[in-house]
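1. Turn this into a model:
(chains A and B)
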Amino acid sequence: MLGIPLKYNVRNLFVRKVTTSLTVLGIGLVVAVFLCVMSLGEGLTRVFTASGSDANVLVLRQNSQSELQSGISRDQVPIILTLPGLAQDTDGKPLASPELVIVLNLEKVDGGSSNVTIRGIGEKGMKLRPGLTLVEGRWFTPGKSEVVVSKSVSKRFKDCTVGQTIRFGAYRWTVVGLFDAGGTAPDSEIWTDVEGMITDFKRGGYSSVLARTAGRAARDQFVAGLAGDARLALEGKVERKYYDDQTSTAAPIKFLGFFVGVVMAIGACFGAMNTMYAAVAARTREIATLRALGFSRIAVLASFVFESLCLALLGGVVGCVFGLFAVKLALSGVTGTTNFATFSEVVFAFRLTPALLGTGIVFSLIMGFFGGLFPAGRAAFTKITDALRQVG
Amino acid sequence: MRFMPLVLKNLLRKKTRSGLTVGSILLPFFVICLLGTFVEMLDADPSMGRGMFRIAVRHKVSFANVMPASHLEKIRQLPGVKAAMPFNWFGGRYVDFSSFHVFQRFAVDPAVFFDIFDASAVVQGSAEAWRADRSGLLVGETLMKKYGWTLGQQITLTGDIWPGVYTFTIRAVYQGQSEASVFFDQRVIDEALPKSAGLYTMIWLKATDADAARGLIPRINALFENSPWPVRAETEKEFQNHYIALLGNVKFFFRSLTAVIATVVLLIAANTMAMSARERVTEVAVLRAIGFPRRILFGLLLGESAFLALFGAAAGLAIFVSLFPKMRAFVLMSPVAGLAAAFRIYPDVLAGAFCVTVLVGVLAGLVPAIRSVQRSIADGLRLVA
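-> I've put the predicted structure just below:
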């Protein structure tokens, strides 16, 4: 079976410049909208999937979904620290940090306010999170009401640069440093020492204990030990899993992306169909000639579906370029939303991954396929005699 | 108006094309309406305008910090307070933590509950029965339907903030605001957890009138300014806004989406009009040669595109309105059910979307119409399609 040269279709797209470019733009915008919404969801998901370590176990009160809901009293901590499976620091002490988490409602730089997590960490807290780097100033000194702030929080909230004082009611904290956690969960937090914080907030205990275990077997042993100790009524969650469980925060955004994307795609698909019907109508005689020359119906069908796919692919590429520009230029800064599992702000950046771009292209090709199928069908089933008789 | 039949006739010449264009306008119109409704839903006053007298008091730091019961006593004694009660966020879980089983659970004081939420009415069971049973549960009507619960059924909730397993008996069902919540007696928690008895995450009160409410907010804030548990008092509306502000700039995001969608409609409609105009170059030239003035031909083409948009918007509107009860049911079952009471048809949103769509239709026809009437008659006649 002989196919119709692809060049025939490609060149036709360039002959009808205005129609082609309007359709391409339409498809492109739909793809761009889809990509922007999805990159928002992707950025948010990444914060959670990239956070936490497989070796760390987060100890929480039984049934607690987040650190905020959990509570661990002071007398429980020594019991936790003697459970088997914990890794030891060079000084012989267990690598574990009792922590207190409180959300503060702070004012944003651009107006409004949002909840920010302030976390008090124990002396081993830093060693448990090796991905953290100090980018400005120094770490806090315990007991002096000093805090370090993540770079992203510092950009989004008032009074959060080095040397400034965060005031909240009767509380005062001096910002002494900025840190960067590479887009993971601590990037949405303010850190200070846990004992100072307990005194400041008049708390009776901690929220959680983060502990490093020595390997997989030791980890399971530690978790089992926690579950088995009826005095404690605590449970251990692998830190990586704790954050993975919060990815559902991004689910509504992804749902919105798909919903808007699909409805708009059907709309754009109709647009592409219009264009292809016009392309077919204008070439009725040509098509009949092709058929008369011996090209099969299948070849004609394939040829026009291919043309529509080309049209959509152009649109998809344009959409990806729009999307890239939008994400790199207009949406390049960090943004935030609230994680309703922890009632505090998650700071994140839009992320347009190659996989997402690929999805965008596939999305446009689907539009092109369905947009081209019916017009191509009309072309393939034109009656040769009727069409050749047609004038014009 | 005389030319209306001609405009319609022209539209019917290419039925497939007109149909597809109407379809490609209809769908984005639908999305615009939906996004607009969501924005309005977030903006809506939860109490339908009656909330001014209701005040929410929480710890100044955040919802997650608690206040002692003595705060409630002090607030009760302030002049202008009609009733006050703990309004404790219970959290916890029902069955599991999946989003399907998310609904709001609050520990309150049943004795004054209906004095504060006076717009709510009991539709099954009775308020007396709820008050009489310490482990009684007051359930919103939406939630009853969602789970198919019946009066007298036992419901078990597992606590996280307030640890323990609690079993309640459904004693009353209410209608009114936010029908996707359950309420039970604060004393249940106090008795189960003596160590944290009398600690509240929120206190809600109802003022006698609007003036009293305005005065009470600064007064309550000042009252506890120097206490170890400073508070923040705000109206129900402010409280909700605050909650919605946590979502980030949703409104801006939705508005930008709407603008882009309108642009897509513009492109699609403009494309159709350009095609129609191109096919009728000779025809327009003939009409002009017969003596039709430019202005009428211009109007004909513009009218055609305006009609396409009008049909698209009208069909979209019809579909939106007819599907609305289904969508509302869907939203009511979702985790945002708390806001869904305000998910209703907003005539201004629909009217706005309608105007934008028709305007976009007229704009889309503008360039092809201008180009086609400006072509000289001789050029038009010479062109063989």
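2. okay, now the domains of chain A?
-> Domains of chain A are assigned by automatic domain parsing as A:6-49+A:248-389, A:63-232.
3. tell me the contacts of the nearest residue in space to A:S150 that is not next to it in sequence?
-> By the measure of Cβ to Cβ, 6 or more residues apart in numbering or on different chains, the closest residue to A:S150 outside its immediate chain neighbours is A:D187, 4.6 Å from it. Where C-beta positions appear, they are placed from N, C-alpha and C, glycine not excepted. Neighbouring residues of A:D187 by Cβ atoms under 8 Å, 6 or more residues apart in numbering or on different chains: A:47, A:150-153, A:180-181, A:347-348.
4. count of residues packed around A:V260?
-> Each residue near A:V260 was counted by other Cβ atoms under 10 Å in any protein chain shown, and the total is 22.
5. Quick check: closest non-adjacent residue to it.
-> Beyond its immediate neighbours in the sequence, the residue positioned closest to A:V260 (Cβ to Cβ, 6+ apart) is B:V31, lying 5.8 Å away.
6. Can you pull the phi/psi pair for that neighbour?
-> The main-chain torsion angles of B:V31 are listed as degrees, to the nearest 10 and equal phi -60, psi -40.
7. returning to that earlier point: isn't there a helix covering the residue nearest to A:S150?
-> Yes - according to DSSP: H, G, I helix; E, B strand; the rest coil, the state of A:D187 is that of a helix.
8. Would you check how far apart it and B:V349 are?
-> Using Cβ to Cβ, to the nearest Å, one obtains 37 Å as the distance from A:D187 to B:V349.
9. so what's residue 28 up against?
-> Went with chain A since none was named. With Cβ under 8 Å, 6+ apart as the criterion, the residues that contact A:G28 are A:315-319, A:321-322.
10. Correction: the question concerned chain B.
-> When the contact criterion is Cβ under 8 Å, 6+ apart, the partners of B:P28 are A:263-264, A:267, B:261-262, B:264-265.
11. one step back: I'd like to know how far the residue nearest to A:V260 sits from A:M367.
-> Separation of B:V31 from A:M367 (Cβ to Cβ): 16 Å.
12. Neighbour count for these two, which is higher?
-> Taking other Cβ under 10 Å, B:V31 and A:M367 do not tie; A:M367 has more neighbours (30 against 23).
13. Tell me how many other residues surround the residue nearest to the more buried one when sequence neighbours are not counted.
-> Counting by Cβ to Cβ, 6+ apart, A:M367 lies nearest to A:C269, which is 4.7 Å off, once chain neighbours are set aside. With neighbours defined by other Cβ under 10 Å, the count for A:C269 comes to 26.
14. same question for the helix or strand harbouring A:C269, mean pLDDT?
-> Assessed by DSSP states H and E, A:C269 sits inside helix A:251-282. Helix A:251-282 comes out with an average pLDDT of 84.
15. Show me what it is packed against.
-> With contacts defined as 3 or more Cβ pairs under 8 Å, 6 or more residues apart in numbering or on different chains; DSSP states H and E, the secondary structure elements packing on helix A:251-282 are helix A:17-49, helix A:297-325, helix A:354-380, helix B:15-43, helix B:250-279.
16. So which bits of it are buried?
-> Taking 16 or more other Cβ atoms under 10 Å in any protein chain shown as the basis for neighbour counts, the residues of helix A:251-282 that come out buried are A:252-254, A:256-257, A:260-261, A:263-282.
17. which residue is nearest the middle of chain B?
-> Centrality entry for chain B: nearest residue to the mean C-alpha point is B:M41, 2.2 Å, by Cα atoms, centre = their mean.
18. So that one versus B:V349, what's the distance?
-> With Cβ to Cβ as the criterion, B:M41 and B:V349 are 10 Å apart.
19. Least confident secondary structure element in the chain?
-> All of this refers to chain A. Each helix and strand of chain A was given a mean pLDDT (mean pLDDT, DSSP states H and E); the minimum falls on strand A:334-339 at a mean of 70.
20. wrong chain, I was asking about chain B
-> Going by mean pLDDT, DSSP H and E, chain B bottoms out at helix B:236-245, a mean of 74.
21. got the contact list for A:Q221?
-> Each residue near A:Q221 by Cβ under 8 Å, 6+ apart is listed here: A:84-85, A:213.
22. Spell out the residue ranges of the strands in the stretch 251-385 of chain B.
-> In chain order, the stretch 251-385 of chain B shows no strands, with DSSP state E, counting those that start in this stretch as the criterion.
23. Tell me how many other residues surround B:D133.
-> 17.
24. Could you report the separation of the residue nearest the centre of chain A from chain B?
-> With distances taken as Cα atoms, centre = their mean, A:E42 lies nearest the centre of chain A, 2.1 Å away. In this view, A:E42 and chain B are 15 Å apart by Cβ to the nearest Cβ, to the nearest Å.
25. Spit out the contact partners of that residue.
-> The neighbourhood of A:E42, defined by Cβ under 8 Å, 6+ apart, consists of A:250, A:350-353, A:356.
26. ok, of the residues you listed, which come out buried?
-> A:250, A:350-352, A:356.
27. mind putting the residues you listed in JSON lines, distance to chain B included?
-> Written out in JSON lines, the entries for these read as follows (distance: Cβ to the nearest Cβ, whole Å):
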{"residue": "A:A250", "distance to chain B": "12"}
{"residue": "A:F350", "distance to chain B": "11"}
{"residue": "A:R351", "distance to chain B": "16"}
{"residue": "A:L352", "distance to chain B": "16"}
{"residue": "A:L356", "distance to chain B": "17"}
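28. Nearest to B:L193 among these?
-> Of all the buried ones among the contacts of A:E42, the one sitting nearest B:L193 is A:A250; the distance, using Cβ to Cβ, is 34.1 Å.
29. quick one: that closest one and A:L44 touch, right?
-> Yes - with contact taken as Cβ atoms under 8 Å, A:A250 and A:L44 are classed as touching, separated by 4.1 Å.
30. top of the contacts of A:G28 by neighbour count?
-> A:G315 leads these on contacts (other Cβ under 10 Å) with 33 neighbours.
31. Hmm, it is touching A:F363, no?
-> No - under the criterion of Cβ under 8 Å, A:G315 makes no contact with A:F363, lying 9.9 Å away.
32. isn't A:G177 right next to A:S154, touching?
-> No - judged on Cβ under 8 Å, A:G177 makes no contact with A:S154 at a distance of 9.9 Å.
33. So if I had to pick from the two, which one is more boxed in?
-> A:S154 (22 against 18).
34. one step back: so which one among the buried ones among the contacts of A:E42 has the lowest pLDDT?
-> Lowest-confidence member of those: A:A250, scoring 75 (pLDDT).
35. can you pull the contacts of that residue?
-> When the contact criterion is Cβ under 8 Å, 6+ apart, the partners of A:A250 are A:41-42, A:44-45, A:48.
36. which two from the contacts of B:P28 end up farthest apart in space?
-> Farthest pair in those (Cβ to Cβ) is A:V263 and B:A262. Separation: 14.2 Å.
37. now the helices for chain B?
-> B:4-13, B:15-43, B:69-76, B:110-116, B:127-132, B:141-147, B:186-192, B:210-223, B:236-245, B:250-279, B:281-290, B:294-333, B:347-374, B:377-382 (DSSP state H).
38. for the first one, packing partners?
-> Using 3+ Cβ pairs under 8 Å, 6+ apart as the contact criterion, the elements in contact with helix B:4-13 are helix B:294-333.
39. now the helix it packs on, how far from the chain's geometric center?
-> Its chain's average C-alpha position is 21 Å from that of helix B:294-333, according to Cα atoms, centre = their mean, to the nearest Å.
40. before we move on, the earlier item: joint contacts of A:G315 and A:F363?
-> For the pair A:G315 and A:F363, residues contacting each of them under the criterion Cβ under 8 Å, 6+ apart are A:V31.
41. Look up how far chain B lies from A:G111.
-> A:G111 sits 10 Å away from chain B when distances are taken as Cβ to the nearest Cβ.
42. meant to ask about A:A217
-> Where chain B is concerned, A:A217 sits at a distance of 28 Å (Cβ to the nearest Cβ).
43. and that residue, that's in a helix?
-> Yes - with three-state DSSP as the criterion, A:A217 is assigned to a helix.
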